[in-house]
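[1] When you get a sec, could you give me coordinates for this:
(2 chains)
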2 protein chains.
Amino acid sequence: MAPSLPQTYTTLTLRARPKGSIVPGETFATNTTNTTPSPSTLSANQILYQALYLSLDPAMRGWLNDTRSYIKPVQIGEVMRGASVGVVLASKSSKLQTGDLVLTQSAGWAEYAVLDESACESVPDTGEGKRRSAIDALSVLGLTGLTAYFGILRVGEVKKGDFVVVSGAAGATGSVVGQIAKIKGATVVGIAGTDEKCRWLTEELGFDKALNYKAKDFAKQFREVTKPKLIDVYFDNVGGEILDLALSRAAPHARFVMCGGISQYNEAVQKGPKNYLMVVSMRIRMQGFIVFDYLKEYGAAREELAGWVKEGKLKRGETIVPGGLKEAEKALVGLYEGHNTGKLLVEVSELEDKAKL
Amino acid sequence: MAPSLPQTYTTLTLRARPKGSIVPGETFATNTTNTTPSPSTLSANQILYQALYLSLDPAMRGWLNDTRSYIKPVQIGEVMRGASVGVVLASKSSKLQTGDLVLTQSAGWAEYAVLDESACESVPDTGEGKRRSAIDALSVLGLTGLTAYFGILRVGEVKKGDFVVVSGAAGATGSVVGQIAKIKGATVVGIAGTDEKCRWLTEELGFDKALNYKAKDFAKQFREVTKPKLIDVYFDNVGGEILDLALSRAAPHARFVMCGGISQYNEAVQKGPKNYLMVVSMRIRMQGFIVFDYLKEYGAAREELAGWVKEGKLKRGETIVPGGLKEAEKALVGLYEGHNTGKLLVEVSELEDKAKL
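    Reported below is the predicted structural model:
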């Protein structure tokens, strides 16, 4: 029996490139499309897709700028780009069945989409139910977890005994980075924006220490926690003043893993690290990376990550915003304000409904 | 016969740490010492040394700051640190003879010094006379040449076909960097501060192109010269706006060799590169280094450098300030203002005089 589909569905498209911060109601346009994609109009190898969870990522702000980057900017009028996990409502693909969970980078901020099977990845069953599998596919076993994995292991070359500092530590990537560093035998300090996040890092995730960067004496605390042992590996998600502090406390030959700079994304004019000449005097290797560069190794990495999750060595955290796709814009603004702990997802529609299909 | 020595000699000591630029007459004190070191007071394994050429280096400004760095700051009241080449006036060392040329990091800004033989390196005879050997030992075959060598080859990993941009290209290090990159088959653009320096780079040293950063349309020229081919290797001696431009025109996986930041050394508050997030999106490896890290490989590197000089592939340039040690302070200020082309040296005393000894 064909699924019963609504008469209309929602997409969010880029309306205007923000100069600084994203402005809810201005940056994106909410569109109601009358013709729901229909199972009967599918071509060969296509599926009808309904989004369940949408991934919100710090990198999204960069995609809104019309500048040279690792990926094409989202164009004005285009559906906003984003990874999501959804369910196959109908299929003319021999590889995907109705009811399957799939991960895609191609649906973007849309409730429904017609997708080629080549644009979909299967979501592995992690043995804890469909909901958990869907979430994990976007977080710890998705690009987030892989970013953490390749960043701290390949770029940071973390090893036993290293002193590691992670900024944005309670975020999706940072929280995984710190735990992998612990698995490898490092001492790990996380930087986060609330005392509650700091407690989560130390009490739940096993970080050795966590500092709240909003504390008045944060700079002093930072200097103290990096004494006498200086920083061997700094994993940066944040930039700004914390990066400057980290530079000032870098050990000779430190590795600075440059993953992001969330403090700077919404600035019309970004601020560079004024202590950058420590790169010379301390012979720091400051290296950027993008997870896509490790595409061929995703499989092996996912397997190792999944193993750590099963063994209880790698704990997950996520903040799931309910209320459907229309919440995505506000939720994304909240990401830059530090509202989330762990991975930030928007629940586009509820999984339970899909079981009926 | 014992050499006839003057009754007094001059040293320059650090008087006050400069906040911004070095202030002639304030930063350093000129001291007249009454007791000239005497051949008769030498202990075993010591020599009496007279400086001939003093090396002036951009790094010197950093040594005057009381901050954590790769080397101890010069202390107030201490003779200013600096490499020099001089002549052995008297010797109680079995390794060094009167009349030998030696290179030392230990005499500093002093006309005469008593040195342990262990603080002296022999100056190899490059077959073009003593004067040339002395100069080469401080420039192309000294730490300057070695810095260029390890920086562009080991840190920059330059290879055939690379597109290389060098800032401070007419300076001591930059001029050698660009030539080594050419030897390795790269295309090389140099950035310098006068049209005359630019001509020297292209007409004498064989750079493919040189841009004057003081030209009004420099930024436009820079963008044009890095089109369509983006920068594979950027060798930075300068920092500031040129570094920002280079970041904006970096190819994916570019290597940024961080050797120095002469535009920032005299700033009370240094400016970081505002485009530093290109490090993430272009996966740039921004790596600092200090030549000392390659100590064990100096011998082999010097041999290769000397070979290139002999073959005419590596040309030398130097600016020699006459007038003795008292000129060192002003000459050092001039270094930060770009007065020199190639290596900057102060002639402390004339070599001819020494021949009599």
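[2] What count of nearby residues applies to A:Ser106?
    Using other CB atoms under 10 Å in any protein chain shown, A:Ser106 has 18 other residues around it. C-beta: built from backbone N, CA, C; applies to glycine.
[3] Show me what the closest residue to chain B within the stretch 251-357 of chain A bridges to in the sheet.
    At 2.9 Å from chain B, A:Gly272 is the closest residue in the stretch 251-357 of chain A, using CB to the nearest CB. Bridge pairing for A:Gly272 (DSSP bridges) gives the partners B:Gly272.
[4] Can you give me the distance of it to B:Leu277?
    According to CB to CB, to the nearest Å, A:Gly272 stands 9 Å off from B:Leu277.
[5] swap in A:Asp136?
    29 Å.
[6] cool, and A:Tyr276?
    Distance from A:Tyr276 to B:Leu277, counting by CB to CB: 13 Å.
[7] What's the first helix or strand after the lengthiest strand in chain A?
    Counting residues, the longest strand found in chain A (DSSP state E) is strand A:46-56. As assigned by DSSP states H and E, the chain's next helix or strand after strand A:46-56 is helix A:60-63.
[8] could you point out which element follows that following helix?
    Downstream of helix A:60-63, the first helix or strand assigned by DSSP H and E is strand A:84-91.
[9] what angle separates that following strand from strand A:46-56?
    Angle, strand A:84-91 to strand A:46-56, by axes from the mean of the first three to the mean of the last three CA atoms, to 10 degrees: 170 degrees.
[10] which helices and strands sit right next to strand A:84-91?
    The contact analysis (3 or more CB pairs under 8 Å, 6 or more residues apart in numbering or on different chains; DSSP states H and E) places strand A:84-91 against strand A:46-56, strand A:101-104, helix A:130-138.
[11] Could you give me the buried positions within the last one?
    In other words, helix A:130-138. A:Lys130, A:Arg131, A:Ser133, A:Ala134, A:Ile135, A:Asp136, A:Ala137, A:Leu138 (16 or more other CB atoms under 10 Å in any protein chain shown).
[12] Give the single residue among the residues you listed positioned nearest to chain B.
    Closest to chain B, out of all of those and judged by CB to the nearest CB, is A:Leu138, at 21.1 Å.
[13] Name the nearest residue to that closest one, sequence neighbours excluded.
    Spatial nearest neighbour of A:Leu138, excluding adjacent residues (CB to CB, 6 or more residues apart in numbering or on different chains): A:Ser55 at 4.5 Å.
[14] A:Val309 too?
    Ranked by CB to CB, 6+ apart and with sequence neighbours excluded, the top spatial neighbour of A:Val309 is A:Val140, at 6.2 Å.
[15] what residues are up against the one you found?
    Listed by CB atoms under 8 Å, 6 or more residues apart in numbering or on different chains, the contact partners of A:Val140 are A:Val176, A:Leu305, A:Val309, A:Leu314, A:Arg316, A:Lys343.
[16] Might you specify the subset of the residues you listed located within helices?
    A:Val176, A:Leu305, A:Val309 (DSSP state H).
[17] circling back: JSON lines for the helices and strands packed on strand A:84-91, including mean pLDDT?
    Below are the helices and strands packed on strand A:84-91 laid out as JSON lines (pLDDT from 0 to 100):
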{"stretch": "strand A:46-56", "mean pLDDT": "97"}
{"stretch": "strand A:101-104", "mean pLDDT": "97"}
{"stretch": "helix A:130-138", "mean pLDDT": "96"}
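[18] Okay, and the beta partners of A:Ala51?
    A:Ala51 has the following beta-bridge partners by DSSP bridges: A:Gly86.
[19] so who does it touch?
    By CB under 8 Å, 6+ apart, A:Ala51 lies in contact with A:Ser84, A:Val85, A:Gly86, A:Ala107, A:Ala110, A:Glu111, A:Tyr112, A:Ala113, A:Leu325, A:Val348, A:Ser349.
[20] Neighbour-wise, which one of those leads?
    Neighbour counts for these peak at A:Gly86, which has 31 neighbours (criterion: other CB under 10 Å).
[21] Isn't that residue up against A:Gln105?
    No. Applying CB atoms under 8 Å, one finds A:Gly86 not in contact with A:Gln105, separated by 12.0 Å.
[22] And for A:Leu230, the neighbour number?
    16.
[23] same deal with A:Asn266?
    Residues lying near A:Asn266 (other CB under 10 Å) number 16.
[24] Show me where the stretch 101-250 of chain A has its helices.
    Assigned by DSSP state H, counting those that start in this stretch, the stretch 101-250 of chain A shows helices spanning A:130-138, A:143-150, A:172-183, A:195-199, A:218-225, A:240-248.
[25] Just name the most buried of the ones you listed.
    Greatest average neighbour count among the helices of the stretch 101-250 of chain A goes to helix A:172-183 (a mean of 27), per mean count of other CB atoms under 10 Å in any protein chain shown.
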